[in-house]
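In: build me a model:
(chains A and B)
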There are 2 protein chains.
Amino acid sequence: MHVLITGAAGMIGRKLTERLITDRSLNTQPIEKLTLIDVVPPARPAGFSDHVKTRAADLADPGVAEKAVSERPDAIFHLAGVVSGEAETDFEKGYRVNLDGTRALLDAVRKTGDGYKPKFVFSSSIAVFGAPFPDAIGDEFHLTPLTSYGTQKAICELLLADYTRRGFVEGVGIRLPSIVVRPGKPNKAASGFFSGIIREPLAGQEAVLPVEDSVLHWHASPRSAVGFLTHAAGLSRAKLGDRVNLTMPGVCCTVGEQIAALRRIAGDKVAARIKRAPDELVSRIVAGWPSRFDARRAAELGFTVENSFDDIIRAHIEDELGGKIA
Amino acid sequence: MHVLITGAAGMIGRKLTERLITDRSLNTQPIEKLTLIDVVPPARPAGFSDHVKTRAADLADPGVAEKAVSERPDAIFHLAGVVSGEAETDFEKGYRVNLDGTRALLDAVRKTGDGYKPKFVFSSSIAVFGAPFPDAIGDEFHLTPLTSYGTQKAICELLLADYTRRGFVEGVGIRLPSIVVRPGKPNKAASGFFSGIIREPLAGQEAVLPVEDSVLHWHASPRSAVGFLTHAAGLSRAKLGDRVNLTMPGVCCTVGEQIAALRRIAGDKVAARIKRAPDELVSRIVAGWPSRFDARRAAELGFTVENSFDDIIRAHIEDELGGKIA
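Out: Residues are numbered from 1 along each chain as shown, chains lettered A, B, ... in the order given. Just a heads-up that it's a prediction; the model follows:
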């Protein structure tokens, strides 16, 4: 089969690419060809390179989406998008990339016609939800995003469901939890500390914690995120029904519980590298985010996640640190 | 104040125009100017005509939305749209008119800048909801439309909320029940028969009923619809909060109860003019529609509707038939 990944140069795109190249298959179907698209040139993976095409392009530009699907990929992982902070500060860019880019891709598939109906996995986000929340957000809770990013994701979910219902694609939208521990350098995202307080201490560096220990959040590892994507690609329309957008399972824990898990796994010395520096703005932003879900449908459909935050830390140590702690 | 109505040639647009011209005010603020836009030329109202501008134009065409807001109307009633049946049969037209037209209008307001922030009342629909439903749909039930029309309305609600949150407009989206009894000729809406089975018999004509008597639905009169719109225009952002899209109150009854009400008011001879002719497409579309709501927020915010379907029929006889039954 031919697999297309948009946003392939991003963290999850790279990990998904690695996984597909290691497996050489997607849900038991052999992969003959992989197309990687991103606005920055995606890296050529080490293996399988005769079968991989990479391209730097913006799906919202004229003709790009049409070209992306011209070879009729069997499965499309649409991960491309501007992140929440940028969608909030650059209103037009957020709508252009996150909404118009997605719609262009869906329309390019639709206009291909001739029986073409690829599996279309869309990475949505729990940012489609906005406070106030019930204790646990169920599968039928309404989407009232409080960011432009969340709005764009919610709109794309609606498009995906309609294009699926009309028979143009086989869509699945998956609302990702916060993905921790993100590898790489610290960033200025308000949510960055959820990864930073684990990643930096494990690498022998100090990390800043800007919120109270009592802050509750919804997490999954990068490894789980890749698992969600590949599992979604294997779900049949018959199993999914009309409601093709799903909240993914996650590990719900407080910042205090994150730190306790780090201490259990890496010891007091490592945990002591977290420095508390309360930040009112970050605290206020985080307070508006959803923290706990009852992701029943995803569980029934076979999506799985780590059992504890300890497991999320272990996944990071295995996948990013070669099993070693500094 | 200056009021702009889009879709002004439609049934609700005409009734809203009549009401504003009769009152010469909107929520106690005097109206100095009224602009009426539609794809077909809106009729010039009899009175107040020195202060009324009419224009035939399509908001999705380049420059039309910008021109529509160039005189900075204080209140915009955005009623323009393709109806559900047409949005389902003509996919591209539905998205162009219902989504792109609305977005163009919102963007024209946004780009005006310079402190311009009109009240923006958007006529949404209960078609944003899709089966399966709970017994009564509450204010926090998710939007999973099963038509392209419902999808387009749901997307516009999300845009309206985000543009309001960002401070570009003072938006209110109101999800209208099925408006019955619609005066005039049948239109292309799949819901047309809900009006037809009352309107035609009262006018001495036969009406076709394409669904089962057990079909349950959510109704309000044209008079109530106009009341919803003007009331919405008077709501403050402080009262509304972030969740600016509201399900309107309605009268919940079955087709059988509609017919019983007609019989009570107009007699057996009139009710006998309804002919049953089951239509599979219409039945399927209607089966996916919601039927009963718990529209608590709207009630708390002061929206009101008829108490019974009998009252809805009486409103039609008073407003459209001069009190007379054929």
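In: and the helix or strand A:Leu159 falls within, what does it pack against?
Out: Per DSSP states H and E: A:Leu159 is located in helix A:148-165. Under the contact criterion of 3 or more Cβ pairs under 8 Å, 6 or more residues apart in numbering or on different chains; DSSP states H and E, helix A:148-165 touches helix A:84-89, helix A:91-94, helix A:102-112, strand A:119-125, strand A:170-176, strand A:245-247, helix B:148-165. Heads up, the C-betas are built off the backbone N, CA and C, glycines and all.
In: so which of these comes closest to A:Phe133?
Out: A:Phe133 lies closest to strand A:245-247 among these, at 12.4 Å (Cβ to Cβ).
In: how about residues contacting that closest one?
Out: Contacting residues not belonging to strand A:245-247 are listed as A:124, A:126, A:137, A:139, A:157, A:160-161, A:172-175, A:232, A:293, A:295, A:297-298, A:301, A:303 [Cβ atoms under 8 Å, 6 or more residues apart in numbering or on different chains].
In: list only buried entries from the residues you listed.
Out: A:124, A:126, A:137, A:139, A:157, A:160-161, A:172-175, A:232, A:293, A:295, A:297-298, A:303 (16 or more other Cβ atoms under 10 Å in any protein chain shown).
In: got the contact list for whichever residue of the stretch 201-326 of chain A sits closest to chain B?
Out: Nearest residue of the stretch 201-326 of chain A to chain B, counting by Cβ to the nearest Cβ: A:Arg243, 5.4 Å away. Shown in contact with A:Arg243 (Cβ under 8 Å, 6+ apart): A:139, A:161, A:297, B:144.
In: just the ones of the residues you listed in helices?
Out: Taking DSSP state H, the ones among the contacts of A:Arg243 that sit in helices are A:161, A:297.
In: closest one to A:Ser236 out of the contacts of A:Arg243, please.
Out: A:Ser236 lies nearest to A:Arg297 out of the contacts of A:Arg243, by Cβ to Cβ, at 14.6 Å.
In: is it correct that the closest one is in contact with A:Gly138?
Out: No. Between A:Arg297 and A:Gly138 there is no contact under Cβ atoms under 8 Å: 9.3 Å.
In: ok so, going back, let me know the helix or strand that the residue of the stretch 201-326 of chain A closest to chain B is in.
Out: Under the criterion DSSP H and E, no helix or strand holds A:Arg243.
In: what of A:Ala60?
Out: Per DSSP H and E, there is no helix or strand for A:Ala60.
In: let me see the confidence value for the closest residue to it other than its chain neighbours.
Out: Once flanking residues are discounted, A:Ala60 sits nearest to A:Gly101: 4.1 Å by Cβ to Cβ, 6 or more residues apart in numbering or on different chains. pLDDT for A:Gly101: 98.
In: A:Gly101: how many residues sit nearby?
Out: Residues lying near A:Gly101 (other Cβ atoms under 10 Å in any protein chain shown) number 26.
In: gap between it and A:Lys153?
Out: A:Gly101 sits 12 Å away from A:Lys153, going by Cβ to Cβ, to the nearest Å.
In: now do the shared contacts for the two.
Out: Counting by Cβ under 8 Å, 6+ apart, the common neighbours of A:Gly101 and A:Lys153 are A:Gly81.
In: return the worst-scoring helix or strand of chain A on mean pLDDT as CSV; C-alpha atoms alone will do.
Out: Ranking every helix and strand in chain A by mean pLDDT, DSSP states H and E puts helix A:280-287 at the bottom, with a mean of 87. Taking Å, rounded to 0.1, in the frame of the first residue of the first chain, the C-alpha atoms of helix A:280-287 are listed here in CSV:
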residue,chain,number,x,y,z
GLU,A,280,0.4,33.3,37.0
LEU,A,281,-0.2,33.5,33.2
VAL,A,282,0.7,29.9,32.6
SER,A,283,-1.4,28.8,35.6
ARG,A,284,-4.4,30.7,34.2
ILE,A,285,-4.0,29.2,30.7
VAL,A,286,-3.7,25.7,32.0
ALA,A,287,-6.7,26.1,34.3
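In: quick one: list the elements packing against that helix.
Out: Looks like helix A:280-287 contacts no helix or strand (3+ Cβ pairs under 8 Å, 6+ apart).
In: let's go with 10 Å and repeat that
Out: helix A:192-202 (3 or more Cβ pairs under 10 Å, 6 or more residues apart in numbering or on different chains; DSSP states H and E).
In: near chain B, which residues of the stretch 201-326 of chain A are found?
Out: Applying Cβ under 10 Å from any Cβ of the partner chain, we find that the stretch 201-326 of chain A lies next to chain B at A:241-245, A:288.
In: 6 Å - rerun?
Out: Selection of the stretch 201-326 of chain A residues close to chain B by Cβ under 6 Å from any Cβ of the partner chain yields A:Arg243.
In: now the end-to-end length of stretch A:165-173.
Out: One end of stretch A:165-173 to the other measures 13 Å (Cα to Cα, to the nearest Å).
In: check the average confidence over that stretch, would you?
Out: 98.
In: now do that stretch: everything it contacts.
Out: With Cβ atoms under 6 Å, 6 or more residues apart in numbering or on different chains as the test, stretch A:165-173 has contacts from A:109-110, A:119-122, A:124, A:157, A:160, A:163-164, A:232, A:235, A:237, A:244-245.
In: what is the lowest-pLDDT residue among these?
Out: Within the set of those, pLDDT is lowest for A:Arg237 (92).
In: if I pick that residue, what's in contact with it?
Out: Counting by Cβ under 6 Å, 6+ apart, A:Arg237 touches A:Glu170.
In: now swap in A:Leu143 and tell me
Out: Applying Cβ under 6 Å, 6+ apart, the residues near A:Leu143 are A:128, A:154.
In: okay, it and B:Ala60: tell me how far apart.
Out: Distance of A:Leu143 to B:Ala60, given as Cβ to Cβ: 25 Å.
In: same question for A:Lys117.
Out: 28 Å.
In: mind checking which of these two has more residues around it?
Out: Legend: neighbour count by other Cβ under 10 Å for A:Lys117 and B:Ala60, higher for B:Ala60 (21 against 18).
In: contact partners for the more buried one?
Out: When contacts are counted by Cβ under 6 Å, 6+ apart, B:Ala60 touches B:96-97, B:100-101, B:104.
In: quick one: low-confidence parts of the stretch 201-326 of chain A?
Out: Across the stretch 201-326 of chain A, nothing is flagged by pLDDT under 70.
In: show me the strands in it, by range?
Out: According to DSSP state E, counting those that start in this stretch, the stretch 201-326 of chain A carries its strands in the segments A:207-209, A:216-220, A:245-247, A:251-254, A:274-276.
In: tell me what angle the longest one forms with helix A:280-287.
Out: Direction vectors for strand A:216-220 and helix A:280-287, defined by axes from the mean of the first three to the mean of the last three Cα atoms, to 10 degrees, enclose an angle of 70 degrees.
In: sounds good, over and out.
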